[in-house]
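*Asks:* give me coordinates for this.
(one chain, ligands or ions: 2)
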Amino acid sequence: MNPFEQVLQAHPWLKEFESTLQPLCPDCKVKVGEKHDPGCDIARCSVCGDQHMCCDCEDGQPDIWIGLMYPTECKVCLEKGLWCYTAILVDGDEYPITSPEMHHLALRLRDEKGFKMKFHIPCGRDDPGASPDINRAMIFTQRGI
Ligand SMILES: [Zn+2]
Ligand SMILES: [Zn+2]
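*Replies:* Ligands and ions are numbered 1, 2, ... in the order given. Reported below is the predicted structural model:
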């Protein structure tokens, strides 16, 4: 069994995200099925589930890279049906993001100039461009503690 098959067997819900699974952790570069480096930004604590670098658990270990950023939140999205697509929404008008530069410019206008805009627009799971709405899932997971 290859490592992907192993994590899919351990976490059957991951199948829903199979097409987006990444073989290497984008931060510490461990392979799927391996434990993150202790200093990795993406690693979660094996005890409390928070970011490993920020938590104080004595027995906390970095968790295993399963190919997905925010695995806890993705699972919540799946369970609660939290999906969104990405576009720029200003005063009710919607603009598709057509280039990384455009996304970057919009973020600058929001963060540096205080323009009011939204990027993650709730939608149905089968809508074009639907991806897990991590931001809304985080609200759920924080309430759950
Ligand atoms: Zn990592
Ligand atoms: Zn912890």
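
*Asks:* remind me, longest strand of the protein?
*Replies:* Longest strand in the chain, counting residues (DSSP state E): strand 83-90.

*Asks:* name every strand pairing with it and say which way it goes.
*Replies:* strand 93-96 (antiparallel), strand 118-123 (antiparallel), strand 131-132 (antiparallel) (DSSP bridges).

*Asks:* okay, domains of this structure per the record?
*Replies:* 3-69, 81-144 (automatic domain parsing).

*Asks:* got a markdown table for those, with distance to residue 75, mean pLDDT and mean neighbour count too?
*Replies:* In this view, the C-beta of every residue, glycine as well, is placed from N, C-alpha and C. What follows is the domains of the chain, written out as a markdown table (distance: least, CB to CB, whole Å; pLDDT from 0 to 100; neighbours: other CB atoms under 10 Å):
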| stretch | distance to residue 75 | mean pLDDT | mean neighbour count |
| --- | --- | --- | --- |
| domain 3-69 | 6 | 93 | 16 |
| domain 81-144 | 8 | 92 | 13 |
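
*Asks:* what angle do the helix ranked longest in the chain and strand 83-90 make?
*Replies:* Using DSSP state H to define each element, the chain has its longest helix at helix 100-113. Interaxial angle of helix 100-113 relative to strand 83-90 (axes from the mean of the first three to the mean of the last three CA atoms, to 10 degrees): 60 degrees.

*Asks:* and residue 92, how far from ligand 2?
*Replies:* The gap separating residue 92 from ligand 2 is 42 Å, by CB to the ion, to the nearest Å.
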